Structure formats: C-alpha cells, structure tokens
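Enquirer: Sequence and predicted structure, then a few things I'm wondering about:
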Amino acid sequence: MDGDTGMEGPLAHTAHGGGVTIPGVNVDADLPALATRLWAAAGMNARAAGGAEGRLSLAPLGGGANNRVYRVAREGQGVPEGQGVLKVYFRHPGDLRDRLKAEYGFLNYAWQRGIRCVPQPLAQDAEAGAALYSYIQGRPLNPIEVDAGAVQQAMDFWAQLNKGRDTAEAQALGAASEACFSLAEHLACVQGRISRLAALPAERAEERDASDFVRRELAPAWRDVAERAIEEAGRLGWAMQEELPAEQRRISPSDFGFHNALLRTGGTEPSLVFLDFEYAGWDDPVKAVCDFFCQVRLPVAGAYLPAFADAVLAREDWARERARVAVLLPVYRVKWCCILLNDFLPGAGGRARRNFAGASHDEQERLRGQLEKAKVMLAAARTAATDEIEKGKRGGKGESTR
C-alpha cells in the first residue's frame, strides 16, 4: 500500500462483466504479443467499430508506483470500445501478495454485483501476471473537488460492495493486504513498518537523513501513540487479542481514497470511478475509515469523518466501533508516515517495486520529497493528537483528523 494511482487517463465500460483467463507468455520478451492475446480473448475486435483488425498500439500510462500500465488501442480506432488498459503486475520473491488475483477477483465481484464505478475486468493471464481492463474517459480530481459530493460517492461505493457480503462470491474473496482483526494486529502492523525503517541503509545523504528522522522523531512518536492506544484499550476494557467477529468484517477496496479515483468525463454527468484494488479484500472497517482520512495526495477534510464512519462501520456495535476509530486513528497517522518512506526500503518493499513501475528517474529528488512529506505528516499528527487530548479533557469525542 503506498497511496499511488496505477491507472489513469481515458477509460470506458461496456455492458457486461466477467473476463477470461488465457495461457501466459513472457511479458518482458513480448509485451505486444501479450496485449494482442488478451485483446482477442476479451473480444475487443468485435467491440471496435466495424470489427477492425488493425495493429495494436501500446502507450505507457504514468502515475503508478507499483505496476506497469499501458493504454492499448487498435490503430485508427478513436472510440472508447477500441481501447483498453493493460496492467502488468509487480512480482518479487520478497512480495508474496498476488496482486493480479486480488484486483481481478475484486473487480469481477463488483461487476457481478452491478457496480459500474470501477473498471471492467476483460481478460487475465495469471502466468504472465497481467490483465486487460476497460478504459475510463476521465481525469484525476483537483483538491477542491474532494467535497461532500465526492465523499458521498465513496460511501455509496462502499455500501454497494457490502450489500452482497453474504454471497458465495463475496465469501470467496481473500483477506485484504495487511488485514487486521484485533487491536494487537493493528499495532503489530505498524510496529513491523517501524522496525523495517529502523534498519534503513545509510550510505547516501538522503538515506542518512531518513534514518535520523526515523530514529529521532518517528520511532519515539510511535512509542507514545502505541502506549496511548494500549492504555485507552485497557480503560475501555478491550482485550488486545480479541478478534473482530466475522459479521462485523467488511469487503474493503483498501488504499481507498480520491488519489485512486478518476472523474469520469465524456458522459452526460461527471461521476467518480475508483481504481487500484490490488490490496482489496476482507478487513476491519475501522481500518478503512482511518486509511481514508490519512491519505496524503488528496486529503479528506476531518469534517466528513463522522458521516463517513457512520456509513462504513459495522452497525452491530456502533458505539464501540466509533470508539475504536478514535483509538486507532493516531496509529494509522503514524502508519502513513511509514508508507511515505517506503521508497527508502530496499527490495520488494520499496525501491524494487518503484523501479519496476518506471519511477526510478530523479530518485534523489523523489526520496527527499517523500521524507519532507513524512515530516509534515508527523507534525500534523502530533498537532491533531494534542487537539484530541484537549477535546477529551473537555468531554469532546476527539474525532477530528488533522
């Protein structure tokens, strides 16, 4: 999870979901052949105007930091039905998550449920680790567009996903990436990230700066946050190892926010399309709330937190769920500081994935930029924590974000 969008540019859905699986090919050796096979398997020739058989063109799409993404089009075809998105997923011995399986399965489920605010899965090649999706005509949101209407569309999407959570198709979905079902797991997840960052290499100046920040500021802040969460859990009588009951778990898009969305254009009325579900699956809905309000690229105002939380949280024990948000939100603010520093990590956890996605240019500048963002976020987290403590002393609920 890194808060980066992997698909962008124009895309358009056709009228049905599904998709097919075909035998694999060597992606690095013959990307055009892979695109051609997926295109044919998805029946894209029939969708293009006149069933055209011209040569396919591939153009890289920027914006992603995990995978390689290409716009695929039949030459001479300008209509949306003559275009698609080819996504080649990052795979590494040190990263055991099957990103293709998670995203393709999630989108299949969504389309089977009649949800059309996501790309349509068209065809996949499990051996090559690649899939073809529909192409959405749209653009990224501007910060000013992250308003009540956008938040409502996000809440509606969540509700649609979870209306069918008792179906066999929903139950077949796996757990989300870094799914947490107890307070102990939430804390252990962040502690693992802190530990990995504490072992950062310090060969270059920017690496030494990051290492100093982790040692002097981030790790001490995390110790304070973790101690406060454990203390509050004890005060409320919560057992750290107690697991969230199955009926209170929800299907989560994961890495859910407006950084992973496009504003659809070209239709009668603009609407949002949500993207990038390689981390999706079953999870604690409190985690989804916290992540949603910790996104960095297009942050959501804290004023929307109460309504969003009420829409997302399990209603079986609403008061307890709201209290868990208050306890865990500071935990996830620290987690997102760690996520911003992923680029410093060697191997599958950071640098290898960025290089695979083509984000290796201007690495020094990128690393320094990520470190500055982490510093700003930690400062904001400390301010928010202070405000919430003061509200608590005055009898407030402490639900603001930053």
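Expert: Here it is on my side, so go on. Residues are numbered from 1 along each chain as shown.
Enquirer: Where does residue 103 sit: helix, strand or coil?
Expert: Put simply, residue 103 is helix when judged by DSSP: H, G, I helix; E, B strand; the rest coil.
Enquirer: That one reaches residue 274, doesn't it?
Expert: No - assessed by CB atoms under 8 Å, residue 103 is found out of contact with residue 274, at 11.8 Å. Every residue, glycine included, has its C-beta placed from N, CA and C.
Enquirer: which residues touch residue 238?
Expert: By CB atoms under 8 Å, 6 or more residues apart in numbering, residue 238 lies in contact with residue 183.
Enquirer: and if you look at the one 4 residues further on?
Expert: Counting by CB under 8 Å, 6+ apart, residue 242 makes contact with 182, 183.
Enquirer: Then residue 71?
Expert: Going by CB under 8 Å, 6+ apart, residue 71 touches 9, 58, 59, 60, 61, 83, 84, 85, 86, 135.
Enquirer: can you redo those as TSV with distance to residue 157, neighbour count and pLDDT?
Expert: Below are these laid out as TSV (distance: CB to CB, whole Å; neighbours: other CB atoms under 10 Å; pLDDT from 0 to 100):
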residue	distance to residue 157	neighbour count	pLDDT
9	21	19	34
58	30	15	88
59	28	9	88
60	28	11	88
61	22	19	86
83	24	24	88
84	22	30	93
85	19	24	93
86	24	24	95
135	20	25	92
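Enquirer: Which strands or helices does the biggest helix by length in the chain pack on?
Expert: Under DSSP state H, the helix in the chain containing the largest number of residues is helix 363-393. Contact here means 3 or more CB pairs under 8 Å, 6 or more residues apart in numbering; DSSP states H and E; on that basis helix 363-393 packs against helix 205-213, helix 219-235, helix 318-340.
Enquirer: Of those helices, flag the one that's most buried.
Expert: Comparing those by mean neighbour count (mean count of other CB atoms under 10 Å), helix 318-340 ranks first with a mean of 22.
Enquirer: Give the rounded mean pLDDT of that one.
Expert: When pLDDT is averaged over helix 318-340, the result is 94.
Enquirer: Tell me which of the helices and strands packed on helix 363-393 sits nearest to residue 246.
Expert: Proximity to residue 246 (CB to CB) singles out helix 318-340 among those, at 15.0 Å.
Enquirer: What backbone torsions are found at residue 215?
Expert: phi -70, psi -40 (degrees, to the nearest 10).
Enquirer: What of residue 244?
Expert: When read as degrees, to the nearest 10, the backbone of residue 244 gives phi -70, psi 130.
Enquirer: ok, residue 103 and residue 274, which is more surrounded?
Expert: residue 103 (26 against 22; other CB atoms under 10 Å).
Enquirer: confidence score at that one?
Expert: So residue 103 comes in at 97 (pLDDT).
Enquirer: what do you get for residue 293?
Expert: At residue 293, the predicted lDDT confidence score is 96.
Enquirer: neighbours around it, how many?
Expert: 25.
Enquirer: correct me, but it touches residue 306?
Expert: No - contact between residue 293 and residue 306 fails when scored by CB under 8 Å: they sit 11.0 Å apart.
Enquirer: Tell me who's in contact with residue 179.
Expert: 281, 282, 283, 284, 287.
Enquirer: Give me the secondary structure label for it.
Expert: Residue 179 ends up coil, using three-state DSSP.
Enquirer: Next, work out how far apart it and residue 119 are.
Expert: 23 Å (CB to CB, to the nearest Å).
Enquirer: Could you do residue 193 as well?
Expert: 29 Å.
Enquirer: Which one of these two is surrounded by more residues?
Expert: Neighbour tally, residue 193 and residue 119, criterion other CB under 10 Å: the higher count belongs to residue 119, 29 against 23.
Enquirer: Surely the more buried one forms part of a helix?
Expert: No - if the criterion is three-state DSSP, then residue 119 is coil and not within a helix.
Enquirer: Who are the contact partners of the closest residue to it other than its chain neighbours?
Expert: Spatially, and ignoring its direct neighbours in sequence, residue 119 is nearest to residue 133 (4.2 Å; CB to CB, 6 or more residues apart in numbering). Counting by CB under 8 Å, 6+ apart, residue 133 touches 7, 11, 84, 85, 87, 107, 119, 120, 121, 122.
Enquirer: Lowest pLDDT pick from these?
Expert: pLDDT across the contacts of residue 133 is lowest for residue 11, at 32.
Enquirer: Residue 203 - how many residues pack around it?
Expert: By other CB under 10 Å, neighbour count at residue 203 equals 8.
Enquirer: ok, residue 154 touching residue 292?
Expert: Yes - if you go by CB under 8 Å, residue 154 and residue 292 touch, sitting 7.4 Å apart.
Enquirer: overlap in contacts of the two?
Expert: 256, 308.
Enquirer: Helices - which of the contacts of residue 179 land there?
Expert: Counting by DSSP H, these contribute residue 287 to helices.
Enquirer: Stretch 296-316: how far from the chain's middle?
Expert: 16 Å (CA atoms, centre = their mean, to the nearest Å).
Enquirer: Then stretch 324-341?
Expert: Relative to the centre of its chain, stretch 324-341 is centred 15 Å away, using CA atoms, centre = their mean.
Enquirer: Ok, stretch 306-325 next?
Expert: From the chain centre to the centre of stretch 306-325 is a distance of 21 Å (CA atoms, centre = their mean).
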